[in-house]
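Enquirer: What follows is a predicted protein model with its sequence.
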2 protein chains.
Amino acid sequence: MTTAATQRPTLAAVAARAGVSASTASLAFSGAGPVSEATRARVLAAAEELGYAGPDPRAQSLRKGRSGIIGVVMEDRLQYAFSDPVNVAVLEGVADELGPAGFALLLLTDTAESVAGIALAPMDGVILIGCSRDLDVPVTAFRQRGIAIVAIEAEPLEGVVHIDLDNREATAAGARHLRELGHERVGLVTLPLGSAHETQPLSDGLIEGSNVHTTIQRIRGARDVFPDAPGVVAAGFSAEEGLAAGRDLLASHPEITAVIAQSDLLALGVIRAAEEAGMRVPNDLSVLGFDGIRLDGTTHHDLTTLVQPSVEKGRAAGRAAVALVEGGDARGESFSSELHLGSTTAPPRA
Amino acid sequence: MTTAATQRPTLAAVAARAGVSASTASLAFSGAGPVSEATRARVLAAAEELGYAGPDPRAQSLRKGRSGIIGVVMEDRLQYAFSDPVNVAVLEGVADELGPAGFALLLLTDTAESVAGIALAPMDGVILIGCSRDLDVPVTAFRQRGIAIVAIEAEPLEGVVHIDLDNREATAAGARHLRELGHERVGLVTLPLGSAHETQPLSDGLIEGSNVHTTIQRIRGARDVFPDAPGVVAAGFSAEEGLAAGRDLLASHPEITAVIAQSDLLALGVIRAAEEAGMRVPNDLSVLGFDGIRLDGTTHHDLTTLVQPSVEKGRAAGRAAVALVEGGDARGESFSSELHLGSTTAPPRA
DNA sequence: GGCGACTATCGAATCGATTCGACCGAATCG
DNA sequence: CGATTCGGTCGAATCGATTCGATAGTCGCC
C-alpha cells in the first residue's frame, strides 16, 4: 500500500519521460509561461501514459500559500442547521460563488470539541453562518493563521468582513404594520437564543446571556414598536417547534391579537397552533413571518412576511471571501428585507 | 499584505526563538517523540510570544501525504439536494464520524463544469451521495489521484466501497403488504430519474436512460409485485413535487386504489392530492411512503412507510472512508429498511 | 569504574510542486 | 551585418513542515 502510494507518478517523473525539465512540465500544465505546442503535447502524452492526473494539490497549496478552500462554519448539528431553509439558501449562495471562482467549500461545525481543531484545516478563508457559540476563540485562531474571515449577521468583530441584514429595522417595520392595523397586544415567537434547544418564555435574562445576533436584533425591532411584547423562544427552526411555541404563547397570553414570528416556518407553526385552538387567521389572530421562503402547498395562507434575500446574502459572503483571499480587500454588504403583505394579517377583531 | 503574509511565523522561527532545532520544535507540537518538559514549555512559550498558531496544515499535508479532508459529492443544486431530508441525515451521519476522527468535510457538487475540477481539492477520500450524473469520469480521476472512494446506493463500481440499502426488496415488501390488503391496481410516484427536474409519466425509456440507482431499484421492487404498475416521476424531493405528481397520477389512472411513493415527502404530497380530489386516505386510497422521516405536525396521518436508517448509512460511509484512508481496507455495508404499518394503508374500498 | 541502555536533541533529506533568473538560438531591426 | 529582443527551456531555490539516523549526555548496574 505504501509502495503503491509511493509509486504514484510525480511531475518530475512525467517530465523525465517527456524529456524535459520539471519546470517546463509545470508550465505545460499550468499554462503560465511560454511553452511550445510540441513540448506541451509531449508532456501531456507522457502524463497520460503514466496515469498522472495533474499536479498534487497538497504540494501546490504549500508552494502557492493557498489551498483554494474556504470553510463555512455552521451550527453544531447539521440536521438542525439545515432545518432552516435560510441557512440552506445562504449555503447555496456561497457555493454559487465559490465554485466558479475555483474554490472548494469545507463544511465545519462549531462543536465544542472542534472549536480548537476548527482551524486545523488548510483553509484560505472562512465564512461564519448563524453560529450561536461564542466566536472569539475560533476567530482569534483564524486571525493568527492569516485566514480571511467573513461573518453573516454576527456582532461586529475586528478584522472581519460583515454581511448584514436589517433585522431590527425590518422587524420594526413589520411591527408598525401590525400597529397600523390596530393591534396593541402582540406576542413574539423567536428563534433560538442559544444552544439550549427548548421552548421557553422569553426573558431579559435570556437575551442578555445570549449572543445570537439575529434573534436579538429581531426582538429589539419588535420591541421598538411594542416595548412590552411578551414572547416565547422556540426550540428550533422548524414548523413543529413553532407549533409548540405558539401553543405556549397563546396559552399564557390569551389577550394577544397578533404574533410576530421570527421565521416563516415558526409562523406556520403558530398558525397551526391558532387553528388548533379554534382561532382563525387572520380574523382572530394576525401572524407575521420573516424570511419569505416559499411555502407552497404547505399552507393555504399567503403569509405576510419580511422577505429577505437569502441566496444573495450567501453570494455576497462568497464573493467577499474570494476577494479577500485573492485581492486583499473587500467591504461588507448590508441587505434589507421587504414587507410582503399576504393574507395572514388583518385588523384585530374587537 | 504580501509582507504581512510572509511575516507569519514559521516553526523554524519559533524553534530559533526557543533556542532549539526545528526538529525538536516539531516534536514539541506533535508529541510524537521524547521531548523534555522544560523544552516543550520553552517552545510553547516562544510560539505564544510570536503568535504562532501551530504547524501550517498545508505543509503538514504535503509532508504527511494526507490532508485530513474527505469530500462529499452531492447533487448539483444544494437547495435541491437538501430538500431531501434523507440526504441531510446522511450528511449528518458522515459528519458525525468524520469530526471525531479528525477529518474535515469538503462539500462538492457534481456540476457539469466541476466534474473536471472536482478532484483538484486536496482530499484523502470522497463519499458519493445520491448523484444523478454519470460517475465514471470523476471516479476515474479520484482513482488516479489515489483518493479513497465510498459510494452510497450507487451502481457497482470497481475499487469503490459501497454502502447499500435494500431498496428493491424493501419496496417489494411494501408492495406485498398492499397486495395482501387486496390491492390490485397500484400506481407509483417515483423520485427523479435524472437531472430533468420535471413531472412526467414513467416510461421504460426513461428508466433505461437513467442511472439513478435508488430510484430504479425501488421501481423494480414495486414491479416485482405489480409488474404493470403505471407511474409518474416527480420533479424533485419535496411534498410539493409529490403533490404535482400525485395529481397527474390520479388524473391519468383513476382506477388505482393505492400509491407506492418513493419517499415520505412525496407520499405526503400524494395524500394532499388525494384529499384535494375528494378521496380519503386510506379508505379511498392507500399510500405507502419510504424513508421513515418524522413528519410531526405536517399531517394528521401516521404514514405507512419503509423506515430506513439514514443517519446510520452516513455513519457507515464516514467510517468506511476514514478506515480506507487510515488503514487501507474497509468492506461495504448493507442496510435494510423496515415496514412501519401506519394508518395510510387499508384494504381497497370495493 | 566502565559499559550498555536510554533520553533528549539535532542535521539533513524529503514531500511535490512553483517560480525567478539565467541561458541560448532565432528572428527583427536599423 | 551586428545588436537586440523574444520565445522556449532549464537549474536551483523555496514553500513549511516531518522524520530517520546519528550524536551527545545521563543513569544504572555489575
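Expert: Cool, the structure landed. All values reported here derive from a predicted model rather than from experimental measurement.

Enquirer: Now do the strands in the stretch 251-350 of chain A.
Expert: Ranges of strands in the stretch 251-350 of chain A, per DSSP state E, counting those that start in this stretch, are A:258-261, A:286-291, A:304-307, A:333-335, A:338-340.

Enquirer: same check, this time on the stretch 51-200 of chain A
Expert: A:69-74, A:104-109, A:125-129, A:148-152, A:161-165, A:186-190, A:200-201.

Enquirer: Could you dump the strands of the stretch 251-350 of chain A into CSV and include distance to B:His162?
Expert: Glycine gets a C-beta too; all of them are placed from N, C-alpha and C. Formatted as CSV, the strands of the stretch 251-350 of chain A follow (distance: least, CB to CB, whole Å):
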stretch, distance to B:His162
strand A:258-261, 44
strand A:286-291, 39
strand A:304-307, 44
strand A:333-335, 44
strand A:338-340, 47
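
Enquirer: Of those, which stretch is the most buried?
Expert: strand A:258-261 (a mean of 32; mean count of other CB atoms under 10 Å in any protein chain shown).

Enquirer: how about the residues of the stretch 51-200 of chain A near DNA strand C?
Expert: A:Pro55, A:Asp56, A:Arg58, A:Ala59, A:Gln60, A:Leu62, A:Arg63, A:Lys64 (CB under 7 Å from any atom of the strand).

Enquirer: before we move on, the earlier item: can the strands of the stretch 51-200 of chain A go into CSV with extra columns for mean pLDDT and mean neighbour count?
Expert: As requested, the strands of the stretch 51-200 of chain A are arranged in CSV below (pLDDT from 0 to 100; neighbours: other CB atoms under 10 Å in any protein chain shown):
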stretch, mean pLDDT, mean neighbour count
strand A:69-74, 94, 26
strand A:104-109, 92, 24
strand A:125-129, 95, 27
strand A:148-152, 95, 26
strand A:161-165, 96, 23
strand A:186-190, 98, 27
strand A:200-201, 96, 15
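
Enquirer: how about those strands in a markdown table, adding distance to chain B?
Expert: Below are those laid out as a markdown table (distance: least, CB to the nearest CB, whole Å):
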| stretch | distance to chain B |
| --- | --- |
| strand A:69-74 | 7 |
| strand A:104-109 | 4 |
| strand A:125-129 | 12 |
| strand A:148-152 | 11 |
| strand A:161-165 | 15 |
| strand A:186-190 | 15 |
| strand A:200-201 | 19 |
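
Enquirer: Need those in a markdown table (columns: distance to B:Arg319).
Expert: Listed next are the strands of the stretch 51-200 of chain A as a markdown table, based on distance: least, CB to CB, whole Å:
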| stretch | distance to B:Arg319 |
| --- | --- |
| strand A:69-74 | 22 |
| strand A:104-109 | 18 |
| strand A:125-129 | 27 |
| strand A:148-152 | 32 |
| strand A:161-165 | 36 |
| strand A:186-190 | 38 |
| strand A:200-201 | 37 |
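
Enquirer: B:Leu250: which of these is closest?
Expert: strand A:186-190 (36.5 Å; CB to CB).

Enquirer: Which neighbouring elements make contact with the closest one?
Expert: With contacts defined as 3 or more CB pairs under 8 Å, 6 or more residues apart in numbering or on different chains; DSSP states H and E, the packing partners of strand A:186-190 are helix A:213-225, strand A:231-233, helix A:239-252, strand A:258-261, helix A:264-276.

Enquirer: change it to 10 Å
Expert: Packed against strand A:186-190, as judged by 3 or more CB pairs under 10 Å, 6 or more residues apart in numbering or on different chains; DSSP states H and E, are the following elements: helix A:167-181, helix A:213-225, strand A:231-233, helix A:239-252, strand A:258-261, helix A:264-276, strand A:286-291.

Enquirer: Adjacent strands (with direction) for that strand?
Expert: Sheet pairing of strand A:186-190 (DSSP bridges) gives strand A:231-233 (parallel), strand A:258-261 (parallel).

Enquirer: packing partners for the helix ranked longest in chain A?
Expert: The single longest helix within chain A, with elements called by DSSP state H, is helix A:310-326. Other helices and strands packing on helix A:310-326, by 3+ CB pairs under 10 Å, 6+ apart, are strand A:69-74, helix A:85-98, strand A:125-129, strand A:148-152, strand A:161-165, strand A:333-335, helix B:78-81.

Enquirer: what's the first-to-last distance across stretch A:187-194?
Expert: 20 Å (CA to CA, to the nearest Å).

Enquirer: ditto for stretch A:61-80
Expert: End-to-end distance of stretch A:61-80 (CA to CA): 33 Å.

Enquirer: quick one on the thing from earlier: make a markdown table out of the strands paired with strand A:186-190 and add mean pLDDT.
Expert: Output for the strands paired with strand A:186-190, formatted as a markdown table (pLDDT from 0 to 100):
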| stretch | mean pLDDT |
| --- | --- |
| strand A:231-233 | 97 |
| strand A:258-261 | 98 |
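
Enquirer: thinking A:Val212 is in contact with A:Glu155, fair?
Expert: Yes - at 9.5 Å, A:Val212 and A:Glu155 qualify as touching, with contact defined as CB atoms under 10 Å.

Enquirer: the more surrounded of those two?
Expert: Using other CB atoms under 10 Å in any protein chain shown as the criterion, A:Val212 and A:Glu155 rank with A:Val212 on top: 23 against 13.

Enquirer: Report the contact partners of the more buried one.
Expert: A:130-133, A:153-155, A:190-195, A:218-219 (CB atoms under 10 Å, 6 or more residues apart in numbering or on different chains).

Enquirer: Close to DNA strand D: what parts of the stretch 151-300 of chain A are there?
Expert: Residues of the stretch 151-300 of chain A lying near DNA strand D by CB under 7 Å from any atom of the strand: none.

Enquirer: Check the nearest residue to A:Ala89 once chain neighbours are set aside and give its pLDDT.
Expert: In this structure, A:Ala89 finds its nearest non-sequential neighbour in A:Ser310, 3.6 Å apart by CB to CB, 6 or more residues apart in numbering or on different chains. For A:Ser310, the pLDDT comes out at 96.

Enquirer: right, and A:Val225 touches A:Thr171 too?
Expert: Yes - between A:Val225 and A:Thr171 there is a contact under CB under 10 Å: 8.5 Å.

Enquirer: Run a quick neighbour tally on A:Gly99.
Expert: A:Gly99: 19 neighbours (other CB under 10 Å).

Enquirer: actually A:Gly269, not the one I typed
Expert: 26.

Enquirer: Please apply the same query to A:Gly332.
Expert: There are 16 residues near A:Gly332, going by other CB under 10 Å.

Enquirer: list the contacts for it?
Expert: Taking CB under 10 Å, 6+ apart, we find A:Gly332 in contact with A:Val150, A:Ala151, A:Ile152, A:Pro156, A:Val160, A:Val161, A:His162, A:Ile163, A:Asp164, A:Ala316, A:Ala317, A:Ala320.

Enquirer: Backbone torsions only: list them for it.
Expert: For A:Gly332, the backbone dihedrals (degrees, to the nearest 10) come out as phi -70, psi 170.

Enquirer: Would you mind measuring from it to DNA strand D?
Expert: Distance of A:Gly332 to DNA strand D, computed by CB to the nearest atom of the strand, to the nearest Å: 28 Å.

Enquirer: what's the answer for A:Ser203, then?
Expert: Taking CB to the nearest atom of the strand, one finds A:Ser203 at 47 Å from DNA strand D.

Enquirer: With A:Ser21 instead?
Expert: For A:Ser21 relative to DNA strand D (CB to the nearest atom of the strand), the value is 4 Å.
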